[in-house]
Each structure stands twice: as structure tokens, then as C-alpha cells.
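J.: Just need the structure, nothing else, for what follows:
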Amino acid sequence: MLTGPRKQHILSLLRRDGQVVAKALSEELALSEDTIRRDLRELAAEGLLQRVHGGALPVAAAEADFSGRQQLAPDEKVAIGRAAARLVKPGQVVFIDGGTTAVQLARHLPLALQATVVTHSPSVAVELAAHAGIEVVLIGGRLFRHSMVAVGAAAMAAISRIHADTYFMGATGVHAEAGLTTGDAEEAEIKRALMAAAAETVVLASSEKLGAASAWVVSPLADATQLLVAPQASEQSLAPLRAAGLAILRADEAG
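T.: Model prediction:
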């Protein structure tokens, strides 16, 4: 099989199976593993897959910048944000991550809610300007414009001094083996700190993130309390996550 058709075959396998194992593919095509690994490197360089040990996973479409992510699954993000807002109870202290789904969560919090929201996202903080009953604590630091969140030492220090009830977390990839991943090393560090400072972590994930992976690991799936997904999330994409032990809640079942 020539290089072009072989790469298309690899991408087809990724869409069908959610992963490619280099050894198995080399045996299937009667080619050396070095040849398959070279194909995977080249496809990864084109942004078409995420290389992992022994093979590859689908690349996370959610690695686009903040404005680009607003165009991805907007209806799902509204549904997930609305459902997540119902999980916030009066009197709680909650962390809300950055990202487009997190903005929908903030947008759907009841105006009468009495609670404290801690966020490193200026976009989330602005959404809460009219919520007189919500104390908004904005974590500062260096602005990472790609995701419109604060990162760095100042943000880490501020997070370490807070104990929250729940962390509503965003991730660019949620995969049974690769775990919870994101596209930036500093963002991954901030997310780990937020998880460590919260009693529970609820991961908010629209369908394009399920079964996908990015380069930087935030944590294994087991560290999350629950995954909140859209009502229309396919059972095929959720089955491996359930098998890995992750509790899953559909947006139409929340609250």
C-alpha cells in the first residue's frame, strides 16, 4: 500500500476504532513498525492525530483557541452548562474553569443564587457581573490568551489557599487510557491544582472531546468524580469511559 492510501487507512481506523496500535497495524499491512511510526509522526505533524506510546489516538478538536471553540458543538455546550448550573447549591464554594462550556455554566446560574465562584477565567467572571448574590473571586496571573485564563505562579499560589466544594473542569480530551488531557502544559498544571483543592471534580465535555486526547495529561480518569455530557452523546463514545470506572451523567438527568 502506497503512503497516501496508507495514511488514509490509518485515519479511517482512528475514526472507526478510536485508536491505532502500531504493532497490530504493521502486522495487518505486512510492513515494519518503523514505517507505521513514521506515518504516525507525519500525521501528527499535520495535526491529524495524537501520538501515544504504541500508537495513536484521535486528536482533540477542542484545542482550537477560545473564539474557535465557540463554534464547536454550541448546542451541546449550552445543555451541559445549564445542567452544571443546576449542580451548584446555595452556600457552596465552587471553582469554574475557563472555556466556552464554563461560560455557559456561569450564564445559567440563577440570579438569586447565594454562593461563591472562584475562577481564573475573566470571561466567566464577566458573565457573573449581574449576579448580586454570587461572590466572585477572580484568580490572577499571566493571561494565557489561547484559552483566556490566568496561569503561572501567582495563580497556583492563590489556588493553594482555597478549599472548594466542587471544581467544574474543562478538558480538550477525555479518553479511557490517556485520561483527562489539555493542549498546554501550564493549563494542565493549573487544572491539577484546582482538582487538588476541590472535594469533587465534575468534568464538562461535549462530544468532540470524548475519546480524543491532547499532549498534556491533567490526570487519570479515576481522579474525576463525574463526567457531565450532552443528552445526545453517543453510547459508543461513552462505553469505554464507563468501563474505565468513570461515573457519567447526561445533561438531561442532572439536578
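J.: which residues does the most centrally placed residue in the chain contact?
T.: Nearest to the mean C-alpha position of the chain, by Cα atoms, centre = their mean, lies Ala171 at 1.3 Å. Applying Cβ atoms under 8 Å, 6 or more residues apart in numbering, one finds that Ala171 lies in contact with 180-182, 191, 203, 205, 209, 218. C-beta here means a position set from N, CA and C on the backbone, and glycine is covered the same way.
J.: among the residues you listed, which ones are buried?
T.: In those, burial by neighbour count holds for 180-182, 191, 203, 205, 209, 218, counting by 16 or more other Cβ atoms under 10 Å.
J.: what would these look like in CSV with distance to Ala79 and pLDDT?
T.: Formatted as CSV, the buried ones among the contacts of Ala171 follow (distance: Cβ to Cβ, whole Å; pLDDT from 0 to 100):
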residue, distance to Ala79, pLDDT
Leu180, 21, 96
Thr181, 23, 95
Thr182, 22, 93
Lys191, 23, 97
Val203, 15, 98
Ala205, 12, 94
Lys209, 14, 91
Val218, 23, 97
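J.: Please narrow those to those residing in strands.
T.: Using DSSP state E, the members of the buried ones among the contacts of Ala171 that fall in strands are 180-182, 203, 218.
J.: Which single one of those residues is nearest to Ala56?
T.: Ala56 lies nearest to Thr181 out of those, by Cβ to Cβ, at 13.7 Å.
J.: how close does the closest one get to Ser26?
T.: Thr181 sits 26 Å away from Ser26 when distances are taken as Cβ to Cβ, to the nearest Å.
J.: distance of the nearest residue to Asp75 once chain neighbours are set aside from Leu138?
T.: Ranked by Cβ to Cβ, 6 or more residues apart in numbering and with sequence neighbours excluded, the top spatial neighbour of Asp75 is Ala230, at 7.8 Å. For Ala230, the distance to Leu138 equals 28 Å [Cβ to Cβ].
J.: Who has more neighbours out of the two?
T.: For Ala230 and Leu138, the more surrounded residue by other Cβ atoms under 10 Å is Ala230, and the numbers stand at 23 against 16.
J.: List the backbone torsions phi and psi for the more buried one.
T.: phi -70, psi 160 (degrees, to the nearest 10).
J.: Test my guess that it contacts Glu208.
T.: No - look at Ala230 against Glu208 with Cβ atoms under 8 Å: they stay out of range, at 10.5 Å.
J.: contacting residues for the nearest residue to Ala154 once chain neighbours are set aside?
T.: Distances taken as Cβ to Cβ, 6+ apart place Gly141 nearest to Ala154, at 4.4 Å, with adjacent residues excluded. Gly141 sits next to 120, 150-156, 158 when contact means Cβ under 8 Å, 6+ apart.
J.: pLDDT value on Gly141, please?
T.: According to the prediction, Gly141 has pLDDT 93.
J.: Check which helix or strand Tyr167 maps to.
T.: Counting by DSSP states H and E, the element that carries Tyr167 is strand 164-170.
J.: wait, Val94
T.: Assigned by DSSP H and E, Val94 falls in strand 93-96.
J.: Please name every helix or strand in contact with that strand.
T.: Counting contacts by 3 or more Cβ pairs under 8 Å, 6 or more residues apart in numbering; DSSP states H and E, strand 93-96 packs against helix 100-107, strand 115-119, strand 164-170.
J.: and for that strand, what are the contacting residues?
T.: Residues outside strand 93-96 that contact it (Cβ under 8 Å, 6+ apart): 88, 102, 105-106, 115-119, 121, 124, 162-169, 194, 197-198.
J.: strands paired with it, and their directions?
T.: Sheet pairing of strand 93-96 (DSSP bridges) gives strand 115-119 (parallel), strand 164-170 (parallel).
J.: Report the angle between the first one and helix 100-107.
T.: Angle, strand 115-119 to helix 100-107, by axes from the mean of the first three to the mean of the last three Cα atoms, to 10 degrees: 160 degrees.
J.: Residues contacting strand 115-119, please?
T.: The contact list for strand 115-119 (Cβ under 8 Å, 6+ apart) reads 88-98, 102, 106, 109, 124-125, 128, 133-139, 162, 164.
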